[in-house]
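Enquirer: need a 3D model of the following:
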Amino acid sequence: MNRMSRRIIVLSSVMTTFGIYKYVKSKAKKQYFHSTKPAQDHPTSIIIGTGIIGLTSAYYLAKSGHKVICIEKREDVALETSYKNGALICPSLLTPWANSDVPKKYFKSILSFSSSTRTSTKVWSSTFFSTKFYRWIYEYLKNCTTKAQIRNAASLLTLSMYSRQCLDDILNENSISFSRHSNGSLQLAVDPIIFEQLIEESKHIKNIQIFSSADEVIKHESILTPVKDRLYGGVFSSLDTNGNIYEFCCELKNILVEKYGVKFLFNEEIQDFIVSTTNENQNGYQQRHVSGIITTKNQRIQNADNIIVANGNYVMPLMEKLNIYVPVYPVKGYVVEIKTPTNIPLPEVNLVDDVNKLYISALKPTDKQGIVRVSGLAEFAGWEDIGILSEPDRAQYLYEQTISWLPHIASYEKAFHSCSRPVSADDVPLIGRCDNFDNLFVNCGHGSKGWTLAFGSAALLANVINQKTNIFDKESIDPELYSPNRF
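Expert: Numbering: from 1, shown residues only. This is a model prediction of the structure:
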């Protein structure tokens, strides 16, 4: 099949699926409900998924008096998105994936059927006939406007700053070791156009330093001295940090078990939900109540007061069991890990080269080795390709770009990984209660920002469930900005 034929097939499938979706959507009248379910003193809460989002949700709920049961399809916590992903915790990197530059930047590469431009966003052929993908992309494109970008960036900024405070609170209350090393993030500019763009994108972020020359950049991060001639300037954020997300999850699991008595059920998938009753709210509309779940091993867990769905990439297919559409789609990225001897100097800050989709972070060295972890790129491959290193040449590209900035680590051992990230249609996470249900909640759709947003998202969710106000910087956070019912 030649390239033109494939393009015709893709465009035809897009038009057909889009037409069907618009027809169905036009027939459905959306109704919004407000729960009248009172908060309870010691409720039982079931959390589905034990990555960083599920575990932090368990932490804040257990801390507030909930009896928490976590259900995980894998054999332990954090073995999917939270296993080998980027190491950056970066409130400073806030530009939503859904932004006004997307149509002109990405559509040419998406329809090219080629990864020859290795920074391009790629759509795999298995996705072309997926109604789930086209419904998601429709919602996504609606958010690729300047107005939506400004709104969504503001929501991300508020949540990321709140999350950074929540992380500090957790670390002050608990002893958690997770290879934290970086003292901020440095975004690199190689020409004046990129430099001005970085300044514009950072203007609403606190504690930003502008480096207007290569000398200023080198003064702050001397490891870049050998590549000084490439640099034009940079933007530095002292709010950012980093860490090994998997190590954090494992330590948090131990705290949940030992300190709060959280129960974990592993190797269990959700076969179905037990919807036991219907209630009528104050507006006269009926709301359903999920009283429990049935696993694929036919284990029933009943009498649940709250159900929290936080299983990352698998939220959309799971919620279809309840006829609920959640616009969260898996987007694959690649990860490179370079191991060095302990005496090799590594960056003291995160290094960001957004033009080449490159995010470099050095974890805290051990007595045996140093580790540089690099993440980047995006592919729409659906659910079948999760966890598969399908295109090593794209990971090789990340490696080559890393070595162009850090040539002194070129001779050391490297390993490639892939990791799918659950991205919402506006790149703002979905946090809160689902309409038509009085006790069904989601915490999902964090995309590449999960490590940054997890703590604030979990605190926000716990306060929504407990019917408390979220306060940050002496102002309340509006939970409706993150409501799953906004789509």
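Enquirer: for P345, give me its contacts.
Expert: Applying Cβ atoms under 8 Å, 6 or more residues apart in numbering, one finds that P345 lies in contact with 223, 408. (Glycine included, C-beta is placed from N, CA and C.)
Enquirer: which helix runs longest in the protein?
Expert: In the chain, taking DSSP state H as the definition, the longest helix is helix 146-173.
Enquirer: buried ones in that helix, by neighbour count?
Expert: Residues of helix 146-173 classed as buried: 148-149, 151-153, 155-164, 166-167, 170 (neighbour count, 16 or more other Cβ atoms under 10 Å).
Enquirer: list the neighbouring strands of whichever helix or strand comes after that helix plus their orientation.
Expert: On the C-terminal side of helix 146-173, the nearest following helix or strand under DSSP states H and E is strand 185-189. Note on strand 185-189: by DSSP bridges, its sheet partners are strand 233-237 (antiparallel), strand 350-353 (parallel).
Enquirer: quick one: which of those strands is nearest G432?
Expert: strand 233-237 (28.6 Å; Cβ to Cβ).
Enquirer: what are the pairing partners of the helix or strand following the closest one, and which direction each?
Expert: Next along the chain after strand 233-237, taking DSSP H and E as the criterion, comes strand 241-242. Strand pairing for strand 241-242, determined by DSSP bridges: strand 88-89 (antiparallel).
Enquirer: quick one: contacts of the strand it pairs with?
Expert: So strand 88-89 is in contact with 164, 167, 182, 185, 240-243, 350, 352, 359, 361, 375, 451-452, going by Cβ under 8 Å, 6+ apart.
Enquirer: ok, now stretch 333-341?
Expert: Contacts to stretch 333-341, defined as Cβ under 8 Å, 6+ apart, come from residues 84-86, 346, 369-379, 389, 391, 394-395, 398-399, 402, 409, 412-421, 448.
Enquirer: one more time with 6 Å
Expert: Identification of contacts with stretch 333-341 by Cβ atoms under 6 Å, 6 or more residues apart in numbering yields 84, 369-375, 377-378, 394-395, 398-399, 409, 412-419.
Enquirer: narrow those to those that are buried.
Expert: With burial judged by 16+ other Cβ under 10 Å, the buried subset of the contacts of stretch 333-341 is 84, 370-375, 377-378, 394-395, 398-399, 409, 414, 416-419.
Enquirer: looking at those, which are in strands?
Expert: Under the assignment DSSP state E, the buried ones among the contacts of stretch 333-341 contribute 370-375, 377-378, 414, 416-419 to strands.
Enquirer: three-state assignment of the closest residue to G447 other than its chain neighbours?
Expert: Nearest non-adjacent residue to G447, counting by Cβ to Cβ, 6 or more residues apart in numbering: V423, 3.8 Å away. Put simply, V423 is strand when judged by DSSP: H, G, I helix; E, B strand; the rest coil.
Enquirer: who is V423 paired with across the strands?
Expert: Y329, H446.
Enquirer: where do the helices sit along this protein?
Expert: Assigned helices in the chain, in chain order: 3-27, 52-63, 102-110, 131-142, 146-173, 192-201, 214-220, 245-260, 315-319, 392-405, 450-465 (criterion: DSSP H).
Enquirer: for P96, find the nearest of these.
Expert: helix 146-173 (4.5 Å).
Enquirer: the closest one to helix 450-465, inter-axis angle?
Expert: Angle of helix 146-173 versus helix 450-465, following axes from the mean of the first three to the mean of the last three Cα atoms, to 10 degrees, is 90 degrees.
Enquirer: low-confidence regions, the protein specifically.
Expert: 1-40, 103-120, 279-284 (pLDDT under 70).
Enquirer: hmm, back to that, the residue nearest to G447 against V331, yeah?
Expert: Yes - using Cβ atoms under 6 Å, V423 is in contact with V331, at 4.7 Å.
Enquirer: neighbour count winner among those two?
Expert: Counted by other Cβ atoms under 10 Å, V423 and V331 do not tie: V423 has more neighbours, with 27 against 20.
Enquirer: which ones are touching the more buried one?
Expert: Contacts for V423 (Cβ under 6 Å, 6+ apart) come out as 329, 331, 447.
Enquirer: can you put those residues in TSV and add distance to N466?
Expert: Below are those laid out as TSV (distance: Cβ to Cβ, whole Å):
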residue	distance to N466
Y329	30
V331	32
G447	26
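Enquirer: what distance separates stretch 365-373 from the centre of its chain?
Expert: 25 Å (Cα atoms, centre = their mean, to the nearest Å).
Enquirer: endpoints of that stretch, how far apart?
Expert: Using Cα to Cα, to the nearest Å, one end of stretch 365-373 lies 12 Å from the other.
Enquirer: K228 and S222: what is the separation?
Expert: To S222, K228 is 10 Å away according to Cβ to Cβ, to the nearest Å.
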